[in-house]
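Peer 1: Can you look at this prediction? I've put the sequence above it.
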Amino acid sequence: MQYFDDYDLSILNSSTYNHCNDECNLVSARYPVRVSKYYAGLIRHEGDAIWKQCMPDLKELADLDQLPDPLHEGSLSPVPGLIHRYPDRAVLLVSNRCPVYCRFCMRKRLIGTGDAPMSETELQNALTYLAANPAICDVILSGGDPLMLDDQSLDRILSGLRAIRHISVIRIGTRIPVTLPARVTTELCELLKKFHPLYINTHFNHPAEITDQSSRACAMLADAGIQLGNQTVLLKGVNDDIKLMRELLSGLLAIRVRPYYLHQMDLVRGTAHFRTSVNSGLEIIRGLRGHISGLAVPHYVIDLPEGKGKVALLPDTPEREGDLLLLRTYTGELVPYRDLTTVQE
Ligand SMILES: *Cc1c(COP(=O)(O)O)cnc(C)c1O
């Protein structure tokens, strides 16, 4: 199938980007490198925001302090390929490949390392676990990128999930609309819409990723009745800027994608050079609320180490004087707001 063969590793060695030869070889021996032709085509110059997301950097090898799996996904895995952290939700890692290996990937330890995607036996074991756990009502397909699987494999997995009565919601986490939009075909949309309620969370990080092609891919999915959310990772030197973030998030709404999460970078080995302070994340949220459509404002979350879960942060937790809250408006004004008087029981 054409869209799976669409990679352009030649860009890594082209004379335009000549710094890459040695650096690329060194890094790719440890962390795989891959860039789809389409995504490479979005690079305007060396070191730009697209470049930084996909081009290997020696800093990845220098970061040894952090853990490969700080979120303890490995120990929260009752059967291979399944992460069960919250009682009612589970993540299925159905593929370990992607059209682009993001340099800041939270699953750098697993992705593209040559292991086969989830085997038939692993899938059956995971489905058996899900079927035996009636508390699980929401299953998230992740990886790697689930849409790297062919339609037939996807159909098999989705049918397996739909055969379990207590699973009501299926979500797919995928960067395909951003990195390989041609994969979103009419056939894929016809297949996905058989499995509603099905939600997709995609992953745009920069306004330059909103193109005619990615917009069209999102429109096709939305026309199949799929609600599209977006999970952006806050990345130093890529999108840690209020104006840029406003443009990105408003732009997403305009292509029918609803911003869901803004992620603080996980403490994953090999990614330290992308991490911003939490304060700069809070400043960005402050610069969004009231300044752009409320529909476009995501939750800013930190996924806590050791699998303790995601925690949402807001810039101005209210100051209090008795039952008076002092609330700050988007223009900076402090407004008193009287709370109900709390009655001691
Ligand atoms: C993020 C995550 C989920 C889903 O969390 P939501 O807040 O419901 O989107 C589920 N399981 C794991 C392991 C996760 O990291």
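Peer 2: Ah, there it is.
Peer 1: Before we go further, residue 228 is sitting in a strand, right?
Peer 2: Yes. Assessed by DSSP: H, G, I helix; E, B strand; the rest coil, residue 228 belongs to a strand.
Peer 1: any idea how far it is from residue 217?
Peer 2: For residue 228, the distance to residue 217 under the criterion C-beta to C-beta, to the nearest Å works out to 10 Å. Where you see a C-beta, it was placed from the backbone N, CA and C, and this is true even at glycine.
Peer 1: So for the two, which residue has more residues nearby?
Peer 2: Higher neighbour count among residue 228 and residue 217: residue 217, with 25 against 20, using other C-beta atoms under 10 Å.
Peer 1: Retrieve the pLDDT associated with the closest residue to the ligand within the stretch 1-150 of the chain.
Peer 2: When scored by C-beta to the nearest ligand atom, the stretch 1-150 of the chain has residue 85 as its residue closest to the ligand, at 4.0 Å. According to the prediction, residue 85 has pLDDT 95.
Peer 1: what about it, how many residues close to it?
Peer 2: With other C-beta under 10 Å as criterion, residue 85 counts 17.
Peer 1: residues contacting it?
Peer 2: Residue 85 makes contact with 73, 76, 91, 307, 309, according to C-beta atoms under 8 Å, 6 or more residues apart in numbering.
Peer 1: Residue 122 too?
Peer 2: 79-81.
Peer 1: Show me which of these are buried.
Peer 2: Listed as buried from those are residue 81; burial here means 16 or more other C-beta atoms under 10 Å.
Peer 1: Compile the contacts of residue 122 into TSV and extend it with columns for pLDDT, secondary structure and distance to residue 131.
Peer 2: Below are those laid out as TSV (pLDDT from 0 to 100; DSSP: H, G, I helix; E, B strand; the rest coil; distance: C-beta to C-beta, whole Å):
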residue	pLDDT	secondary structure	distance to residue 131
79	95	coil	12
80	93	coil	17
81	93	coil	15
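Peer 1: and the ligand, which of the contacts of residue 122 reach it?
Peer 2: When those are checked against the ligand using C-beta under 6 Å from any ligand atom, none falls in range.
Peer 1: okay, now the domains of the chain?
Peer 2: With domains defined by automatic domain parsing, the chain comprises 22-313, 318-345.
Peer 1: any idea which element residue 121 lies in?
Peer 2: Element membership for residue 121 (DSSP states H and E) is helix 120-131.
Peer 1: Give me the contacts around the helix or strand that that helix is followed by.
Peer 2: Using DSSP H and E, the helix or strand that follows helix 120-131 in sequence is strand 138-142. With contacts defined as C-beta under 8 Å, 6+ apart, strand 138-142 is touched by 88-94, 130, 157, 161, 167-173.
Peer 1: Give me the sheet partners of strand 138-142 and which way each runs.
Peer 2: Strand pairing for strand 138-142, determined by DSSP bridges: strand 89-93 (parallel), strand 169-173 (parallel).
Peer 1: could you dump those strands to TSV with mean pLDDT, mean neighbour count and distance to residue 117?
Peer 2: Formatted as TSV, the strands paired with strand 138-142 follow (pLDDT from 0 to 100; neighbours: other C-beta atoms under 10 Å; distance: least, C-beta to C-beta, whole Å):
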stretch	mean pLDDT	mean neighbour count	distance to residue 117
strand 89-93	97	22	9
strand 169-173	98	20	15
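Peer 1: I'd like these as JSON lines, with distance to residue 134 appended.
Peer 2: Converted to JSON lines, the strands paired with strand 138-142 look like this (distance: least, C-beta to C-beta, whole Å):
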{"stretch": "strand 89-93", "distance to residue 134": "12"}
{"stretch": "strand 169-173", "distance to residue 134": "15"}
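Peer 1: Tell me where the stretch 201-345 of the chain has strands.
Peer 2: Taking DSSP state E, counting those that start in this stretch as the criterion, the stretch 201-345 of the chain carries its strands at 227-233, 257-263, 299-304, 309-313, 319-321, 324-328, 334-338.
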